[in-house]
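Engineer: how does the following fold in three dimensions:
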Amino acid sequence: MTTIPDGDEVLLDGQDLGALAAAHGDDLFRFALHLTRDRELGQDLVHDTLLRAWDRREQFRGEASLRTWLHRILHNLAVDRLRRSNREVVVEEVDASWRDDAWTVDTEAVVQRAALREELQDALVRVPELLRTTVVLHDVEEWTVPEIAELLEITVAAAKQRLRRGRMALVSALASGAERREALDGVPLRCWDARQHVSDYLDGELAGPLVRQVEAHLETCPTCPPLYAALVGVHAELGRLRDPDSVIPQDVLDRLA
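Structural biologist: Residues are numbered from 1 along each chain as shown. Below you'll find the predicted structure:
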C-alpha cells in the first residue's frame, strides 16, 4: 500500500485498478471534459490515463500526491492528442490587445455570454491548452497555484502568469468586439501597467500601494473597468462549472474492470 501525502490511501499494487478508477475517475473525467468539451474523447483520456498509471505504478513514489500524478498523466495525454484549432485565440494577439490602452470589451455582452454554459465552454475551448489547463484547475476545480505548478512542473511564478494570461484569453474569446477609447489624461498608471495586475487584484494578492493605484486607475480609466468587470463576471461563472454530479460513465469503469 502506498501512503499519499494528503492522507489518501490507494492500492497501487495487487488487483486494484478498479479501486483506482472508482476513487479518481470522476475527478479526471471532469478535468478531461473541460479540456476537450468532448465526452467520448474525455472518456478515452480517463481510460488511457488510468491504464498508463496502472502500467507505471512502480514509478509512483509519493513525491507528489496521487491526484497530481494522475492529472499530470491526463494533461500530457491531452497535449499529445489535441491539435491547435483555427478557432483558438492567439496568445500573442491577446497580449497585444491587453497592452493596447485603447482596447476594451462590452462587459454586458461578455458576461451574458459567460452566463450561458454552452457559450462559456465554447470560449474556454478556444483558450490555448496550456493556459486552459491552468484556468480550469484554478477557477473551476479550485486547485491552488502551487498545486498547479507542481502538476505542470513549472515555477509558481510561471503558473501565476499562465493563470493571468488564460483569464485574459478567455475574456478575449468571449468578447464580441472592442470599443475605442478617447483619452487617458489624468488616469493613474498606464492601462497595461494596471491590467497586468488585475488577476492578482482579483485574488486579493496585491500589496497595499499597488492596490490603491489599480483602484484609482479603475475609477478613472474609460476602458479598463469593463475589462475588470468582465474578468470578475467570467471568474464567477467559471466557479459554477464545477459540477460534483459529473461522473464517469459506468461503462468506462466496466471497461477498466
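Engineer: what segments of this structure are helices?
Structural biologist: Taking DSSP state H, the helices of the chain run over residues 17-36, 39-55, 66-81, 91-99, 107-115, 117-126, 129-135, 145-152, 156-174, 191-195, 198-202, 208-220, 224-239, 250-256.
Engineer: okay if I get those helices as JSON lines plus mean pLDDT and mean neighbour count?
Structural biologist: Placement of C-beta: from N, CA and C, glycine included. JSON lines is the format used below for the helices of the chain (pLDDT from 0 to 100; neighbours: other C-beta atoms under 10 Å):
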{"stretch": "helix 17-36", "mean pLDDT": "88", "mean neighbour count": "21"}
{"stretch": "helix 39-55", "mean pLDDT": "89", "mean neighbour count": "19"}
{"stretch": "helix 66-81", "mean pLDDT": "89", "mean neighbour count": "19"}
{"stretch": "helix 91-99", "mean pLDDT": "87", "mean neighbour count": "16"}
{"stretch": "helix 107-115", "mean pLDDT": "89", "mean neighbour count": "18"}
{"stretch": "helix 117-126", "mean pLDDT": "84", "mean neighbour count": "17"}
{"stretch": "helix 129-135", "mean pLDDT": "91", "mean neighbour count": "22"}
{"stretch": "helix 145-152", "mean pLDDT": "94", "mean neighbour count": "20"}
{"stretch": "helix 156-174", "mean pLDDT": "93", "mean neighbour count": "22"}
{"stretch": "helix 191-195", "mean pLDDT": "80", "mean neighbour count": "21"}
{"stretch": "helix 198-202", "mean pLDDT": "88", "mean neighbour count": "19"}
{"stretch": "helix 208-220", "mean pLDDT": "86", "mean neighbour count": "15"}
{"stretch": "helix 224-239", "mean pLDDT": "89", "mean neighbour count": "20"}
{"stretch": "helix 250-256", "mean pLDDT": "74", "mean neighbour count": "14"}
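Engineer: from residue 155, how far out is residue 147?
Structural biologist: According to C-beta to C-beta, to the nearest Å, residue 147 stands 13 Å off from residue 155.
Engineer: I meant to write residue 221 there.
Structural biologist: 31 Å.
Engineer: center of the protein - which residue?
Structural biologist: Geometric centre of the chain, nearest residue: residue 135, 1.5 Å, by C-alpha atoms, centre = their mean.
Engineer: once you drop chain neighbours, what's closest to it?
Structural biologist: residue 166 (3.9 Å; C-beta to C-beta, 6 or more residues apart in numbering).
Engineer: quick one, what contacts that neighbour?
Structural biologist: Neighbouring residues of residue 166 by C-beta atoms under 8 Å, 6 or more residues apart in numbering: 127, 131-132, 134-135.
Engineer: mind running it again at 6 Å?
Structural biologist: 127, 131, 134-135 (C-beta atoms under 6 Å, 6 or more residues apart in numbering).
Engineer: OK, contacts around residue 192?
Structural biologist: Neighbouring residues of residue 192 by C-beta under 6 Å, 6+ apart: residue 99.
Engineer: quick one on the thing from earlier: can you pick out the most distant pair from the contacts of residue 166?
Structural biologist: Distance extremes for these: the farthest pair is 127 and 134 at 9.4 Å, using C-beta to C-beta.
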